[in-house]
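Q: here is my input; please provide its structure:
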Amino acid sequence: MTKKEMILGLLLVGLFIAGCAQQAQKYLGSPSANQSGSQGTSNGEWHPVSNEAVGFSVFGVTDFSVKADGSMTLYLVNNAQSSVNLTDIKINGSSLVSLTPSLPQLLGPGENLTISGISAIRGAKGDAFYNDQLVFSYTVIGGAQHTDSGILRGRID
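A: As a prediction, this is how the structure comes out:
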């Protein structure tokens, strides 16, 4: 392969990558300036591609849904290497109410829990929400009280 052929090949690869990036940006939108990492459009409106739960260490939020009336279902996993006793769940400073199953709940390492309740998040179906703080209060068995917090982003189902 000659030097000219190699340069032409690299140029074509570069154009292909640039075209793919342009199509992806057109499909997904570009992040807005004040919501880094979120999907958005050039006018700054945030459009979530899927529900996200970020920033947690002990509890993994594997999925969640929020309805217009605030009813929420969380799918959790205990990522700690020891058993924990989940004692409270708060959204934006307000405890979830009417929890099923009720708290406290004991979770062993790697154990899953599906829990439903009424949250402070409200809106019409399709409305976006972002940077809503979710805080889990728990005790390590034989240990102290702790909190694990992160944020939720998504759309009302």
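Q: and the strands in this structure?
A: Along the chain, the stretches classed as strands by DSSP state E are 52-54, 59-66, 71-78, 84-91, 94-95, 97-100, 105-107, 112-118, 128-140, 145-155.
Q: according to the record, where do the domains of the protein fall?
A: Per automatic domain parsing, the structural domains of the chain span 1-30, 52-155.
Q: could you give the mean pLDDT of the last one?
A: The reference is to domain 52-155. Average pLDDT, domain 52-155: 95.
Q: how far off centre is it?
A: From the chain centre to the centre of domain 52-155 is a distance of 11 Å (C-alpha atoms, centre = their mean, to the nearest Å).
Q: ok, now which ones touch Leu96?
A: Met72, Ile89, Lys90, Gly117, Ile118, Ser119 (C-beta atoms under 8 Å, 6 or more residues apart in numbering). Where you see a C-beta, it was placed from the backbone N, CA and C, and this is true even at glycine.
Q: which of those lies closest to Val135?
A: Ranked by distance to Val135 (C-beta to C-beta), these are led by Lys90 at 4.5 Å.
Q: re the thing from before, would you tell me which one of the domains of the chain is buried the most?
A: For the domains of the chain, the largest average neighbour count (mean count of other C-beta atoms under 10 Å) is found in domain 52-155, namely a mean of 16.
Q: got the end-to-end distance for it?
A: Domain 52-155 has an end-to-end distance of 10 Å (criterion: C-alpha to C-alpha, to the nearest Å).
Q: so can I have CSV of the contacts of Leu96 showing distance to Asn79?
A: As requested, those are arranged in CSV below (distance: C-beta to C-beta, whole Å):
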residue, distance to Asn79
Met72, 20
Ile89, 16
Lys90, 19
Gly117, 21
Ile118, 26
Ser119, 22
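Q: would TSV of the strands of the chain with distance to Lys3 be doable?
A: Listed next are these as TSV, based on distance: least, C-beta to C-beta, whole Å:
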stretch	distance to Lys3
strand 52-54	47
strand 59-66	52
strand 71-78	54
strand 84-91	61
strand 94-95	66
strand 97-100	68
strand 105-107	62
strand 112-118	58
strand 128-140	50
strand 145-155	49
